[in-house]
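1. Give me a 3D structure for the following:
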Amino acid sequence: MFTDVSELKDKKILVVGLGKTGVSLAHFLTQHGAAVTLTDHKSKPELSAQLELMGDLPIKFDLGGHSPKTFLAQDLVILSPGVPSSLKIFDYARSQGIKITGEFEFASQFVKEPIIGITGTNGKTTAARLMESFLVESGKKVWLGGAIGKPLTDYLRSGEKADVVICEVSSFMLESCETFNPVNIVFMNLAENHLDRYRSMEDYVNAKRKIFKNTNQATTSILNADDNAVVELARDPAVQRGRIFYFSRKPSLEPQIMNIGGAINIGQEIRVRTGPEIEYYNIQNVKMRGRHSIENMMAAILASREHGATHEAIQKVMDTFRGLHHRLEYVRKVGGVQFFNDSKATNVHAVLRALDSFDENVILIAGGKDTNLSYEALRNVVKRKVKTLILVGEAKERLNRDIGDFSETFLIGTFEEAVLIAYQKSRIGDIVLLSPGCSSFDMFDSFEERGDYFKEIVKKFQ
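-> Numbering: from 1, shown residues only. So this is what the prediction gives:
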């Protein structure tokens, strides 16, 4: 599309979506002389905070809807990740010859530094933070962004020259990707998600699959050997153009993985081979909860070793890294009851991983925005481990139909009441776990806000 930022001068470019990404794009594009228009379905009063961030930039606005006339006047339309690329207005614009792309695809063509692209349904953020920590501890300059909270355009605006750019890449970002070509692809896992945006699981998988679109002999893909859906994707002939490292928690796979290169968990160590020698990392002092944390570490070790992270630095970080806020985050212990905040668990696969981290006596708080997922996969683990199920939010009726018969279950009206009931039902030795399995947008602006409110309530308990 473009080979240099100088080509943006005088181009008429429409930015769709006035969130964090749209604001960053507007600044970047005007900085390089483009004629920018911003459009959003929200009205001017609803966007007052974002509009203030525009300052006196020479920008036109089309707010409160999307005018076809505005689209047809552009050389290029750039979508923010939260805007579905399937809207009818975009189909119409494409039919009239207007080029439409996404912010991530657009920005990636100007990044000259090596990119690690991390995708999957769960574990992306933890793996990305581990990679960043491994590399920084090794003296490398790292920029981390993407779906983790900073649009890639921010990197371009910063003027930084990192040794490596780490990008958490969501399916929303991949939808528009045609030329994106990371030097490393890390694929954590693949499970049902975002079915409020996609018509089927197949559509979601096809969006994820696009991360492999431009692999070549220089690409190293790092894949989860324990996830059948990921292994199936790896059978695509396009993936075979570069190297593949697998990681696994299954000791039985050690011969195959150590033969071709990858990482394997055997007992209290991780064995890694990316060259002629096998390296050993001790996991006895790991602070993160959950067996899935071992997968995150293996993926992060493989990717960061590709970019010069040292064995000493990796082991030091592994011994001290405590995980992320809102991801199986220990809150406190009250009256013999432990509270954990897993607000970032916004799909069924994430809840399964959370419950896998505890043996029994879990009081589970679940629910939120209904994203059309099936929760039947939770039945067995709920029956075995969950003594009380507290359901809240828009999806509580769906959750109750799917898993309400497998535990003592309560459907609650407000989030605060749900947390209070969970505490009232708890006894010494119990675990109260917020792991919603749903997005937060029925009651909160983000999973962070939901998790913070949970912690705020719990910290008041006597």
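2. Quick check on the closest residue to residue 280 other than its chain neighbours: phi, psi?
-> Closest residue to residue 280 apart from its sequence neighbours, by C-beta to C-beta, 6 or more residues apart in numbering: residue 269 at 5.4 Å. Every C-beta, even on glycine, is put in place using the N, C-alpha and C of the backbone. Per-residue torsions, residue 269: phi -140, psi 160 (degrees, to the nearest 10).
3. and residue 360, what does it touch?
-> When contacts are counted by C-beta atoms under 8 Å, 6 or more residues apart in numbering, residue 360 is found next to 384, 385, 387.
4. Name all residues that make contact with the last one.
-> Pointing back at residue 387 there. So, once contact is read as C-beta under 8 Å, 6+ apart, residue 387 ends up touching 360, 361, 362, 363, 407, 408, 430.
5. what two of those are the furthest from one another?
-> Among the contacts of residue 387, the pair separated by the greatest distance (C-beta to C-beta) is 360 and 408, at 13.9 Å.
6. Narrow the contacts of residue 360 to those in strands?
-> Secondary structure defined by DSSP state E assigns residue 387 of these to strands.
7. Which pLDDT value belongs to residue 240?
-> In the predicted model, residue 240 carries a pLDDT score of 68.
8. and if you look at the one 3 residues further on?
-> Confidence per residue is given as pLDDT, and for residue 243 that number is 91.
9. What segments of the stretch 301-450 of the chain are helices?
-> Listed in chain order, the helices of the stretch 301-450 of the chain (DSSP state H, counting those that start in this stretch) span 311-320, 348-355, 379-385, 396-403, 415-425, 447-458.
10. Adding distance to residue 77, mean pLDDT and mean neighbour count, write those out as a markdown table.
-> A markdown table is the format used below for the helices of the stretch 301-450 of the chain (distance: least, C-beta to C-beta, whole Å; pLDDT from 0 to 100; neighbours: other C-beta atoms under 10 Å):
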| stretch | distance to residue 77 | mean pLDDT | mean neighbour count |
| --- | --- | --- | --- |
| helix 311-320 | 41 | 97 | 18 |
| helix 348-355 | 33 | 93 | 24 |
| helix 379-385 | 44 | 96 | 16 |
| helix 396-403 | 35 | 96 | 20 |
| helix 415-425 | 38 | 97 | 18 |
| helix 447-458 | 29 | 96 | 19 |
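11. Residue 153 is nearest to which of these?
-> Once the helices of the stretch 301-450 of the chain are compared by C-beta to C-beta, helix 447-458 is nearest, at 21.6 Å.
12. quick one: that closest one to helix 415-425, angle?
-> Per axes from the mean of the first three to the mean of the last three C-alpha atoms, to 10 degrees, the angle that helix 447-458 makes with helix 415-425 is 50 degrees.
13. Now do helix 447-458: which elements does it pack against?
-> Helix 447-458 is packed against strand 329-334, strand 337-341, helix 415-425, strand 431-434, with contacts defined by 3 or more C-beta pairs under 8 Å, 6 or more residues apart in numbering; DSSP states H and E.
14. Quick test: name the residue nearest the centre of the chain.
-> With distances taken as C-alpha atoms, centre = their mean, the chain has residue 124 as the residue nearest its mean C-alpha position (5.1 Å).
15. Need phi/psi at that one.
-> In terms of degrees, to the nearest 10, the main-chain angles of residue 124 are phi -60, psi -50.
16. Enumerate every residue touching it.
-> For residue 124, the contact set (C-beta under 8 Å, 6+ apart) comprises 118, 147, 148, 168, 169, 170, 188.
17. What pLDDT is listed against it?
-> At residue 124 the predicted local confidence, pLDDT, stands at 93.
18. do residue 102 as well
-> As summarised for this prediction, residue 102 has a pLDDT of 95.
19. In CSV, list the helices and strands packed on helix 447-458 along with distance to residue 233.
-> Output for these, formatted as CSV (distance: least, C-beta to C-beta, whole Å):
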stretch, distance to residue 233
strand 329-334, 31
strand 337-341, 32
helix 415-425, 37
strand 431-434, 31
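20. among those, which is nearest residue 196?
-> Proximity of the helices and strands packed on helix 447-458 to residue 196 was assessed by C-beta to C-beta; the nearest stretch is helix 415-425, lying at 20.1 Å.
21. Packing partners of that closest one?
-> Applying 3+ C-beta pairs under 8 Å, 6+ apart, one finds that helix 415-425 contacts strand 362-366, strand 386-392, strand 408-412, strand 431-434, helix 447-458.
22. Mind checking these for the one nearest to residue 141?
-> Each of those was scored for nearness to residue 141 using C-beta to C-beta, and the closest is helix 447-458 (27.0 Å).
23. Mind jotting down where the strands sit in the stretch 151-300 of the chain?
-> 164-168, 184-187, 220-224, 243-248, 262-266, 269-273, 278-282 (DSSP state E, counting those that start in this stretch).
24. Among those, which comes closest to residue 35?
-> For the strands of the stretch 151-300 of the chain, the distance to residue 35 is smallest for strand 164-168, at 28.2 Å, taking C-beta to C-beta.
25. Pop the domain breakdown of the protein in here.
-> 8-105, 109-320, 329-458 (automatic domain parsing).
26. now those in JSON lines, with distance to residue 2?
-> Formatted as JSON lines, the entries for the domains of the chain read as follows, by distance: least, C-beta to C-beta, whole Å:
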{"stretch": "domain 8-105", "distance to residue 2": "7"}
{"stretch": "domain 109-320", "distance to residue 2": "6"}
{"stretch": "domain 329-458", "distance to residue 2": "32"}
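27. Can you give me the buried ones in stretch 424-438?
-> Applying a neighbour-count criterion of 16 or more other C-beta atoms under 10 Å, one finds 425, 426, 430, 431, 432, 433, 434, 435, 436, 437, 438 buried in stretch 424-438.
28. Sorry, slip of the keys, the one I care about is stretch 284-296.
-> When neighbours are counted by 16+ other C-beta under 10 Å, the buried residues of stretch 284-296 are found to be 286, 288, 289, 290, 292, 293, 294, 295, 296.
29. for stretch 245-264, same thing?
-> For stretch 245-264, the neighbour count (16+ other C-beta under 10 Å) marks 245, 246, 247, 248, 249, 253, 257, 261, 262, 263, 264 as buried.
30. okay, how far is it across stretch 424-435, tip to tip?
-> The straight-line separation of the ends of stretch 424-435 (C-alpha to C-alpha, to the nearest Å) is 18 Å.
31. thinking again about what came up before, among the buried residues of stretch 245-264, which two are most distant?
-> 249 and 261 (17.1 Å).
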